[in-house]
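>>> predicted coordinates and the sequence they were generated for:
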Amino acid sequence: TQVAYSGGPLLDDETVEVRPLGTPPGRRAHSENGPTELEALVDAARAANDLLDLPAPRRPVPPPLPERLPMAELTGRDDLPEPTDTTAPFAIGLLDRPREQIRKPLTVDPMGNGGLMVIGGPGSGTSTTLMAVAVAADARGGWDVHAIDTDGGLSGLAGIESVCTLVSASDHEGVRRLIDSLLLGTTDRPTLLLVDGFASFEEQQARVNRGEATELLVRLANEGRAHNVATAVSARQRSHVPFGLFNAIGERLLLRMLDADQALAMDGPAGLAERGLPPGRGWMRGDWVQVVQPEAPAPGSCPPETRRLPADLAVAQILEAATTASPTGADTNGANRDGSRTGDLVLPIGLDARDLSTSWLDLGAGHAIVAGAPRSGRSTALGTVRRVAGDRGIGCHTAGEPAAMLAALLAHGSSPDLSLIHISEPTRRH
């Protein structure tokens, strides 16, 4: 059997040729720039369909994923999952399943699966993906969102109502306070923590307390569900994420990679390394996906500024704050053997960096050492202790020389009142 070829050019001559049976057709004129016979056949079928006003036939394969997916196109779909509760999965894009001839909403479940890890090279859409997750949580309602931004990629979150905190990774005090508050507390509302650019975050935190904030973030990712907290983290490469954090997060979205080896090492297709992939195009759970492009939020509803420790704190402010606060972890009512009250030696001395609450110095069970480099404020700290102790009616003696120190100790032993011995620079002087 010889099958006819329909890809040739359409003949210009539309006259009917009559020839004896078995005689080969002669050469006929055709247009080099005109449509092929197949294209002409398709055009004729379309014209007939329009003429008869027939419905469009079902496409055997859905159209390809769009290079840019607006939020309105996603929220207007009628196949979005119905939320059973606040923490149910929410949609952040579309996934493509050509074998099933369908496109479905891409859903993520950060609370149920222990968070979301987004990995992709520069310009792949990692920051946009985290923003899409925040927007979806805000649209669901009932969520609190906190974000740690490394290079400004999450600045658009400032106008989202559910965003409670937006702190720069270079703000070591703010980052530590945020992570501590999530790790040490438990809230009734589901909470989402976004960290954009983990390698940069880790580098900036490595200079403070030997990277303790990074260790606490890994701990939060592992223990977060017990505190009703889910973590979503972005990174440029898999090697930038420590195993403890990578294994703690169950959901993983791969965007455009720097090379095919990185994609294959994470069970992704080599096509993730193609330069032409649009931002937000990625691979998740065995399907190609396109993440939604969040709309810019309306200005004017910025999250509150991160509270900071003041550069200068007057003793009067400490004493005033202490009137409405009580020390934690100290017995403020128990009596000592000498009849004094332990609580009398629990002194307010400043603010705690973790939550800006009153910080207390407990001298009821022993002594205290104030250590620090030159000009770090050691003498000022001792002066604060002396001032607060004096406000509590505690006698305070400064022992600068051995003889004076001995006399102060002897005086303290013969006195029924509490006394505080202030010894400045003991190792240098004695």
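Ah, there it is.
>>> what about residue 260, neighbour count?
15 (other C-beta atoms under 10 Å). C-beta: built from backbone N, CA, C; applies to glycine.
>>> that one against residue 272, yeah?
Yes. Contact status for residue 260 versus residue 272: in contact at 7.4 Å, counting by C-beta atoms under 8 Å.
>>> tell me where the stretch 251-400 of the chain has strands.
Counting by DSSP state E, counting those that start in this stretch, the stretch 251-400 of the chain has these strands, from start to end: 251-254, 281-284, 287-291, 346-351, 358-362, 395-399.
>>> now these in TSV, with mean pLDDT?
TSV is the format used below for the strands of the stretch 251-400 of the chain (pLDDT from 0 to 100):
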stretch	mean pLDDT
strand 251-254	95
strand 281-284	96
strand 287-291	95
strand 346-351	83
strand 358-362	83
strand 395-399	63
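>>> which among those strands is found nearest to residue 63?
strand 287-291 (11.8 Å; C-beta to C-beta).
>>> now for the closest one, which elements pack on it?
Helices and strands touching strand 287-291, by 3 or more C-beta pairs under 8 Å, 6 or more residues apart in numbering; DSSP states H and E, are strand 90-97, strand 102-108, helix 126-140, strand 281-284.
>>> between these, which gets nearest to residue 351?
Among the helices and strands packed on strand 287-291, the nearest to residue 351 by C-beta to C-beta is helix 126-140 (30.3 Å).
>>> show me what the helix or strand that that closest one is followed by pairs with in its sheet, parallel or antiparallel.
Tracing the chain C-terminally past helix 126-140 and defining elements by DSSP states H and E, one meets strand 144-149 next. Taking DSSP bridges as the criterion, strand 144-149 forms sheet pairs with strand 163-168 (parallel), strand 191-196 (parallel).
>>> need the winner for burial among those strands.
Across the strands paired with strand 144-149, averaging neighbours per residue (mean count of other C-beta atoms under 10 Å) puts strand 191-196 on top, at a mean of 26.
>>> for that one, what is the average pLDDT?
When the per-residue pLDDT values of strand 191-196 are averaged, the result is 96.
>>> same list (the strands paired with strand 144-149) but as CSV, adding distance to residue 287.
What follows is the strands paired with strand 144-149, written out as CSV (distance: least, C-beta to C-beta, whole Å):
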stretch, distance to residue 287
strand 163-168, 29
strand 191-196, 24
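>>> quick one on the thing from earlier: closest to residue 114 out of the helices and strands packed on strand 287-291?
strand 102-108 (11.4 Å).
>>> that closest one: partners in the sheet, and parallel or antiparallel?
Strand pairing for strand 102-108, using DSSP bridges, gives strand 90-97 (antiparallel).
>>> how far does the partner strand sit from the chain's center?
For strand 90-97, the distance from its own C-alpha centre to the chain's C-alpha centre is 20 Å (C-alpha atoms, centre = their mean, to the nearest Å).
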